[in-house]
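Novice: Structure, please.
(one chain, ligands or ions: 2)
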Amino acid sequence: MRQRIIMDVDTGVDDSLALLYLLASPEAEITGIAATAGNVPAAQVAINNLAWLELAGAPDIEVALGAVEPLEVPLRTTEDTHGPQGVGYAELPAPTRQISARSAADLWVASAREHPGELIGLCTGPLTNLALALRAEPELPRLLRRLVIMGGAFNHPGNTTPTNEWNIHVDPEAAKIVFDAFSAAPADRRPIVCALDITETIEMRPAHLTRLAERAGSLPIETVSPDDPPGARSAADNPIIRHVTDAVRFYFDFHQAYDLGYLAHMHDPFAAAVALDPALACTRPATVDVELAGTLTRATTVADWAGMWGRPPNADIVVATDPDRFFDRLIARIGDFARARIPGDSAPDRVAAEPG
Ligand code: RIB
Ligand code: CA
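Specialist: Ligands and ions are numbered 1, 2, ... in the order given. The predicted model follows:
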């Protein structure tokens with residue numbers, strides 16, 4: 001049976017790859033997409049998802065608009081990280097589809113009630129709309145089959161302040177509501193948390209994009225380089241490969257500008273892969289809480305691994321994975337998906353099959 005999954009995203013270059021990964025995964029059925037303000041404003045997030053869905057020839061999946069602002073603080077966006085529209089240098093064809101008439105929080109509640117015990121939740125952006133959904137439906141932790149959250153940093157530096165991670169930084173009050181709501185969840189319903197400790201080991205490099213283009217049978221085969229002339233854009237004949245390449249190039253440039261190397265941390269597609277197959281990750285239970293009052297540490301996620309607080313675990317934190325295994329699966333799935341969306345078969349003979 002296909003796995004029903006609701007995505008809550010702040011698309012976002014890596015959120016884009018998470019969407020394509022799920023669209024390319026035959027075992028996944030995306031029941032809806034909640035557009036959360038984060039990397040870019042919620043309305044732009046919604047447009048980005050509608051545009052990717054149309055480009056990919058995907059079915060008419062509901063895209064619902066999230067809250068304009070976080071619960072208590074003004075919205076902060078990060079166009080310097082993900083590009084002016086949130087999809088790097090990609091210029092996606094404007095979507096013709098419309099956003100849903102209902103809100104992102106209503107989408108969460110209705111979807112969970114419609115599929116009690118079956119729905120997987122995947123959060124790759126701030127937790128604003130999941131928190132609003134929990135206020136409307138406190139039973140959500142028991143209605144969901146699984147929740148996977150990309151967010152936080154535990155025994156690892158932050159990427160937004162020295163100690164906090166972007167998705168939590170944008171709306172720490174929402175994050176606290178979510179982790180508190182799962183404090184009484186049974187062990188098999190604890191959120192799986194993909195934090196920077198692990199997602200910053202998921203380093204996409206130009207060679208991965210080249211492998212992806214080869215798998216898709218796209219031409220010409222390109223290798224993105226920091227030495228490319230300014231304004232360089234992909235000429236790939238496969239539209240998914242072309243737009244993914246242009247999106248990720250911006251993310252490479254951003255990581256290089258911050259001395260992280262010419263690479264891109266693929267936080268969100270990793271979380272998507274774990275949402276479909278938790279066996280990709282080794283996890284360890286902990287009690288997670290979110291600092292709200294610290295002057296230096298606000299929005300920092302804190303893990304009590306040893307029960308010092310006397311509170312039961314409310315999260316399963318990913319502590320180990322195999323990045324190469326993940327990239328093999330991402331390249332095989334999105335590459336085959338992209339190939340299948342080109343009319344006819346202009347692609348050359350398939351390159352050696354890779355494990356999927
Ligand atoms: O800190 C990384 C996370 O923040 C990713 O989800 C990225 O898309 C941004 O939302
Ligand atoms: Ca994201």
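Novice: Spit out the contact partners of the spatially most central residue of the chain.
Specialist: By Cα atoms, centre = their mean, the mean C-alpha position of the chain lies nearest to D268, the distance being 2.8 Å. By Cβ atoms under 8 Å, 6 or more residues apart in numbering, the contact list for D268 reads V9, G12, D14, D15, L17, A18, T124, M150. Every residue, glycine included, has its C-beta placed from N, CA and C.
Novice: Ok, T300 next?
Specialist: Contact analysis of T300 by Cβ under 8 Å, 6+ apart lists A153, G158, T161, T163, N164, I168, V290, E291, G294.
Novice: go again using 7 Å as the cut-off
Specialist: By Cβ atoms under 7 Å, 6 or more residues apart in numbering, the contact set of T300 is T163, N164, E291, G294.
Novice: again, but for T301
Specialist: Residues near T301 by Cβ under 7 Å, 6+ apart: G152, A153, F154, I168, A195, V288, V290.
Novice: what would the residues you listed look like in CSV with pLDDT, neighbour count and secondary structure?
Specialist: Converted to CSV, the contacts of T301 look like this (pLDDT from 0 to 100; neighbours: other Cβ atoms under 10 Å; DSSP: H, G, I helix; E, B strand; the rest coil):
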residue, pLDDT, neighbour count, secondary structure
G152, 98, 28, coil
A153, 98, 24, coil
F154, 98, 22, coil
I168, 99, 28, helix
A195, 99, 27, coil
V288, 98, 30, strand
V290, 98, 24, strand
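Novice: Where does the closest residue to D171 other than its chain neighbours sit, in terms of helix or strand?
Specialist: Spatial nearest neighbour of D171, excluding adjacent residues (Cβ to Cβ, 6 or more residues apart in numbering): P70 at 3.6 Å. Using DSSP states H and E, P70 sits within no helix or strand.
Novice: Was I right to think P70 contacts A174?
Specialist: Yes: with contact defined as Cβ atoms under 7 Å, P70 and A174 form a contacting pair (6.5 Å).
Novice: list residues touching both of these two?
Specialist: By Cβ under 7 Å, 6+ apart, the residues touching both P70 and A174 are P126, T128.
Novice: With neighbour numbers in mind, choose between the two.
Specialist: A174 (26 against 23; other Cβ atoms under 10 Å).
Novice: and whichever helix or strand that one is part of, what other elements does it pack with?
Specialist: Secondary structure from DSSP H and E places A174 in helix 172-181. Counting contacts by 3 or more Cβ pairs under 7 Å, 6 or more residues apart in numbering; DSSP states H and E, helix 172-181 is packed against helix 128-136, strand 281-290.
Novice: Which among these is found nearest to ligand 2?
Specialist: Nearest of those to ligand 2, taken as Cβ to the ion: helix 128-136 at 12.6 Å.
Novice: how about whatever helix or strand comes next after the closest one: buried residues?
Specialist: With elements assigned by DSSP H and E, the helix or strand that comes after helix 128-136 is helix 140-143. By neighbour count on 16 or more other Cβ atoms under 10 Å, the buried set for helix 140-143 is L140, P141, L143.
Novice: for stretch 116-136, same thing?
Specialist: 118-134.
Novice: Quick one: name the residues of this structure near ligand 1.
Specialist: Residues of the chain lying near ligand 1 by Cβ under 6 Å from any ligand atom: 10, 12, 14-15, 38-39, 124-125, 150, 159, 165-167, 267-268.
Novice: again, 8 Å this time
Specialist: Neighbours of ligand 1 within the chain, by Cβ under 8 Å from any ligand atom: 9-15, 38-39, 78, 81-82, 124-126, 150-151, 159-160, 165-167, 170, 196, 199, 265, 267-268, 271.
Novice: From those, which land in strands?
Specialist: Using DSSP state E, V9, M150, H265 are the members of the residues of the chain next to ligand 1 that sit in strands.
Novice: Need those in JSON lines (columns: pLDDT, distance to ligand 2 and neighbour count).
Specialist: Converted to JSON lines, those look like this (pLDDT from 0 to 100; distance: Cβ to the ion, whole Å; neighbours: other Cβ atoms under 10 Å):
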{"residue": "V9", "pLDDT": "99", "distance to ligand 2": "6", "neighbour count": "30"}
{"residue": "M150", "pLDDT": "99", "distance to ligand 2": "6", "neighbour count": "31"}
{"residue": "H265", "pLDDT": "98", "distance to ligand 2": "11", "neighbour count": "18"}
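Novice: just these now: which is nearest I99?
Specialist: Nearest to I99 out of these is V9 (Cβ to Cβ; 13.4 Å).
Novice: For the stretch 251-356 of the chain, give the residue positioned nearest to ligand 2.
Specialist: For the stretch 251-356 of the chain, Cβ to the ion, closest residue to ligand 2: D268, 4.9 Å.
Novice: For that residue, give me the pLDDT.
Specialist: What the model reports as pLDDT for D268 is 99.
Novice: which among the contacts of T301 gets closest to ligand 2?
Specialist: Nearest to ligand 2 among those: I168, at 11.7 Å, using Cβ to the ion.
Novice: so which of the contacts of D268 would you say is closest to A236?
Specialist: L17 (15.7 Å).
Novice: From what I see, that closest one and M266 are in contact.
Specialist: Yes: using Cβ under 7 Å, L17 is in contact with M266, at 6.1 Å.
Novice: Residues in contact with both of the two, list them for me.
Specialist: Between them, L17 and M266 share no contacting residue under Cβ under 7 Å, 6+ apart.
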